[in-house]
Each structure stands twice: as structure tokens, then as C-alpha cells.
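Chemist: what would the 3D arrangement of this be:
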Amino acid sequence: MQEQVLPRYSTISIAPPRYLAASSLSSTAQGHYSFPLQNSKGKTWASVNLRKDIHRRVPSSANDVPIIEEGANPMTGTVNLELQSPETIQGITLAVRGRAVTGANEGGSQTFLDHSVFLWSKGQDDPHTYRTDLDNIGNSSTGSKTGKLSGSYTFPFSISLPMADAAGSTLSETFLERTSGVRVQYELVLKIGRGRLKADSKLRIPILYRRKTTPSAASELRQLAYRVNTPAPGPRLDPYGWSTFDAVDCIGRLLNSRTVILRCTLSLANPLSYTRGSFIPCHLRIESVDEQALDFLASPRTTILNLCRRVKYLFDAGQGMQHNGKSKASKPKYEISDVSQASWTQDQDQDVSENNSRVRCLTGEIPLSKELPPSSDVLSFGVEYTVALLPFESVTFLPERAAFLQTHKVEIVTEYAPGPVPASCRASVDHIGASWVASAVDSGNTIAASHNNPFQLVT
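Modeler: You can find the predicted model right below:
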């Protein structure tokens, strides 16, 4: 049987991406942001103006990018023409488009969203009489038949970003990481039809799409702890506030002299859905009859719990696409990265009735960057997360197997649940270290990594 090839492992740096605008941006006194379309002489003859009181923006040294949030009000504004001489205009269209891009070739791009609004077309009323009643466009039986326009024109528009793509899948958030082989990007496209002898004019305006996903509420005891700014109770005091998984044994050689067994019971806070910019509360109970093994290994410095991310996409998503959005020619690819690691402390809430010489308990948090893309799963693109427990890491211990001990799927969302905002008792959640990440080498079809694929073990 042919050996399965594991996907590429890497570490990632999560930072706001840079954006390349198709045109310069200027702020106007009328409360709009203007995106100009210029001719070969550098003179602006058309522009798209977005109302700046509706759309938040991403600051950048080069430009600002409008942010459109899921379920937000429609994008509103105007398309303006400044024609110094008569020009043949066949039609004016404004569209919002979404694409998954995996390469520079045509086969490496799939358009999963294309929603258009017709602002004006040849044969309608003179554009000077145009008003904001978009529903009546195309109903006039009179108007200019030549399409020759000259002077100044203003076309108001209102265009919404659909909640789903053509296949009915929820739209993915904008994804533009430099180290990834896939980009999910959205744009507002102005198209001005110029007739048979001239190429159509287009203005592409990049926009950021942000999803709004919310977890269910935490347990009442956890919410109370957040309100009074005290540590949240562990699984013993708040069993309904935690998901406690089956125990797993970590077996290996201690001090190169004997085999030891440490039984680990991992708990993650309920619900298994966590807001980016916050953290994942975790708890680990470690048991062993070998007290020296506990002294050496059951400590915050040697206990490794990682958050792993898998990005999946179709490498040639634009080839052979069928009417139902599926592609027989598309090849799924995966990028797997460690994105964060738990920081631990000794659990001060450990039950004093237990035989503490054979039990250790740790409580911890996995910090979540504000820039983490949320979980998603659509046809051509998906982001998945798992929490992975690794063998203890110490110079005194050689694990029997280097593979993950246990993995569990979790969801990353964008909004906080109703109630108090989670309060961390540790360092800032914006810090994500990199020194702890296991190295990996991509050597053609073989992968050199210190562990197996965590997404093959998810429970």
C-alpha cells in the first residue's frame, strides 16, 4: 500500500496583511472616500465614492481598505463621470466579487461570488435625470439610443454583500497571509462599457470581508469569575463548564534507566468555541505511581499543548468547474501550522483529599491572536483548528512515540459570547511565541516533522 504523504508543516507569523490598491484613495469633504479611474494622461474621468460613515477602514501607510462586516448595511455611494468630450458609453455596472486565488494562471483562481448591480445602460433615460430608485432601471421606454455622453454625471448606488455564495455556502473571511499558497479576496468592481472599438474600462477596489460568528455562553460559574476578576473554577468545581476527555498514557524512558507511565486527562472550557483575541482555558491532570517522574515531567515547563491550524484549498480551483461548483480536476492541498501554545501554572484548586504525591494538576491558557482567521468550511477554502497534546518535553525523558497523545477539534470565532468578556490571568493574548514550535522541512513529496498530522487524529 502506498505510504500517505503528509501535508507541509510550517510556523506562521500572524500579522495584518498589506494590500495593493488599484488606485489611490482620497477623502472628500462630503463624507465619502473616493477611488478614481484615470486616463492615460493621468486625469480622473470616473470615480467611485463610498460613504465613510458606514464602512470601517484598515489604516495603512499606502492606502485604506474598506471593511464590510457580515450582515452589515449595504455599501452606498455614487459613481461619478467627468467627460470632457462626447464618449460612447454602452453601460455602467457595479459588482462585488469574491475569489479564491492559488496561482497566477487562470486555472488557479475561482470566482465564488459575483453580485452585480446595473447603474445605467444605453437606451435608458438621459443619465442627468437618474435618481436613486434602482428598482426602476430598465423600465423606461424612452431615452438616448446613441449612448453618447458628455459632461458630469452622478449615479447613486446601494449594493449588499450576499450572505452566501452561489452554492449556498457561508462566505469565508478575507484571507491574505503572505506565507500561504491561497488568498481569499473580495473587491468592488466598476465596469464601464465603451463600445466595440474601445476596451471596457474597469476600476477594482479591494475590500475586506469580516465574518461575525459568536459562541454560546460560558458556564454560570465561569461568567461569575470573569465578573469579579478571579480565576475561573476548574473541572472539579465546575464540571459542566468543561469538556473532560478520556485519559491517555504518555510512556517513555526516564533518565535512560526505566520506563515510566504518566496518565494525562485533558479538559477544555465549554463551549469548544473561542473568540480570537482571547484564549482557550485548559486543565491537565497527570497521574503516575512514579513520583520522581511526576517531579521531573509534570511541570509547566515540560507540558506541551499546541493549537494547530489547517488551511485547505483546491490547488487548481478554476479548472473544470461544474454548474454545482464542484470540480473533478481540482486537487485538494493542505497547509498545517502550529499557531499558539499553552502557558501553564500549578493548579491551586487541586483537591487536598487526593494523594497529592501521585497526582499533579496544571491549569493553563492558549492565547489567541486577534488576527487569527475564524473557522470556516466551504467548497474551495477552509480553516480548521485542533488542540494537540504532545509528550512531555525534557532532556530527562525519551517518549516511546513522538506522535500526538491526543487531539480535539475546536472552533475559532470573531465575537464574544453574551455576558462578561473573558479575563486572562496571564500574559497578553497578543503575544505568540515561536521558539517552542517544532521545525519541519518540506522536501518535495516527503515531510520531515517531529509529529504526525493532528487532523488525522481529531476526536
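Chemist: now do the contacts for residue 243.
Modeler: 267, 268, 269, 270, 272, 408 (Cβ atoms under 8 Å, 6 or more residues apart in numbering). Where you see a C-beta, it was placed from the backbone N, CA and C, and this is true even at glycine.
Chemist: who's in contact with the closest residue in space to residue 390 that isn't next to it in sequence?
Modeler: Leaving aside its sequence neighbours, residue 390 sits nearest to residue 304 (Cβ to Cβ, 6 or more residues apart in numbering; 4.0 Å). By Cβ under 8 Å, 6+ apart, the contact list for residue 304 reads 341, 342, 389, 390, 391, 392, 393, 436.
Chemist: hmm, 7 Å instead?
Modeler: Shown in contact with residue 304 (Cβ atoms under 7 Å, 6 or more residues apart in numbering): 341, 390, 393.
Chemist: which among these count as buried?
Modeler: Among these, the ones that count as buried by 16 or more other Cβ atoms under 10 Å are 341, 390.
Chemist: going by distance to residue 454, which of the contacts of residue 304 wins?
Modeler: Distance from residue 454 was checked for each of the contacts of residue 304 by Cβ to Cβ. The minimum falls on residue 390, at 9.6 Å.
Chemist: the closest one and residue 341, how far apart?
Modeler: 10 Å (Cβ to Cβ, to the nearest Å).
Chemist: tell me, what's touching the two both at once?
Modeler: With Cβ under 7 Å, 6+ apart, residue 390 and residue 341 have common neighbours 304, 306.
Chemist: where does the stretch 201-350 of the chain dip in pLDDT?
Modeler: Along the stretch 201-350 of the chain, segments meeting pLDDT under 70 span 316-330, 349-350.
Chemist: give me the pLDDT for the most centrally placed residue in the chain.
Modeler: Nearest to the geometric centre of the chain sits residue 373, at 2.0 Å (Cα atoms, centre = their mean). pLDDT recorded at residue 373 is 95.
Chemist: which helix or strand contains it?
Modeler: In the assignment (DSSP states H and E), residue 373 maps to no helix and no strand.
Chemist: which of the contacts of residue 304 sits closest to residue 40?
Modeler: residue 341 (54.1 Å).
Chemist: what separation do you get for the residue nearest to the centre of the chain and residue 208?
Modeler: From residue 373 to residue 208 the distance is 12 Å (Cβ to Cβ).
Chemist: distance of the residue nearest to residue 277 when sequence neighbours are not counted relative to residue 41?
Modeler: Nearest in space to residue 277, with sequence neighbours left out and distances taken as Cβ to Cβ, 6+ apart, is residue 370 at 4.0 Å. Distance from residue 370 to residue 41, counting by Cβ to Cβ: 44 Å.
Chemist: who has more neighbours out of those two?
Modeler: residue 370 (13 against 6; other Cβ atoms under 10 Å).
Chemist: next, the distance between the ends of stretch 181-201.
Modeler: 30 Å (Cα to Cα, to the nearest Å).
Chemist: can you list the residues that contact it?
Modeler: Contacts of stretch 181-201 (Cβ under 7 Å, 6+ apart): 37, 46, 48, 75, 79, 88-102, 172, 174-176, 202-207, 209, 311, 313, 333, 335, 381.
Chemist: mark which of the residues you listed are buried, thanks.
Modeler: 37, 46, 48, 75, 79, 89-102, 172, 174-176, 203, 205-207, 209, 311, 313, 333, 335, 381.
Chemist: which outside residues touch stretch 82-94?
Modeler: Contacts for stretch 82-94 (Cβ under 7 Å, 6+ apart): 44-45, 79, 116-122, 147-152, 155, 157, 159, 188, 190-195.
Chemist: so for stretch 277-294, first residue to last residue, what's the gap.
Modeler: Counting by Cα to Cα, the terminal residues of stretch 277-294 are separated by 33 Å.
Chemist: outside of that stretch, which residues touch it?
Modeler: By Cβ under 7 Å, 6+ apart, stretch 277-294 touches 232, 234-235, 242, 254, 260-269, 274, 298, 303, 305, 307, 342, 347, 357-368, 370, 387, 410, 422, 424, 429.
Chemist: list the buried residues in it.
Modeler: 277-288, 290, 293-294.
Chemist: shouldn't residue 366 be in contact with residue 340?
Modeler: Yes - checked against Cβ atoms under 7 Å, the pair residue 366 and residue 340 is within contact range at 5.2 Å.
Chemist: what is in contact with those two at once?
Modeler: residue 307.
Chemist: who's more crowded, those two?
Modeler: residue 340 (27 against 23).
Chemist: ok, and the closest non-adjacent residue to the more buried one?
Modeler: Nearest non-adjacent residue to residue 340 (Cβ to Cβ, 6+ apart): residue 307, at 4.3 Å.
Chemist: beta-bridge partners for that neighbour, please?
Modeler: Beta-bridge partners for residue 307, by DSSP bridges, are residue 340, residue 387.
Chemist: how far away is it from residue 280?
Modeler: For residue 307, the distance to residue 280 - Cβ to Cβ - is 7 Å.
Chemist: overlap of the contact sets of those two?
Modeler: Joint contacts of residue 307 and residue 280 (Cβ under 7 Å, 6+ apart) are 366, 387.
Chemist: circling back: by neighbours, which of the contacts of residue 243 wins?
Modeler: Of these, with other Cβ under 10 Å as the count, residue 269 tops at 24 neighbours.
Chemist: pretty sure it is in contact with residue 241, am I right?
Modeler: Yes - assessed by Cβ under 7 Å, residue 269 is found in contact with residue 241 at 6.3 Å.
Chemist: hey, what's in contact with both of these two?
Modeler: Joint contacts of residue 269 and residue 241 (Cβ under 7 Å, 6+ apart) are 218, 222.
Chemist: wait, is residue 403 part of a strand?
Modeler: No - read with DSSP: H, G, I helix; E, B strand; the rest coil, residue 403 is coil and lies in no strand.
Chemist: roughly how far apart are it and residue 454?
Modeler: 9 Å.
Chemist: which one of those two has more residues nearby?
Modeler: Between residue 403 and residue 454, counted using other Cβ under 10 Å, residue 454 has the larger neighbour count: 28 against 16.
Chemist: so that one sits against residue 390, correct?
Modeler: No - assessed by Cβ under 7 Å, residue 454 is found out of contact with residue 390, at 9.6 Å.
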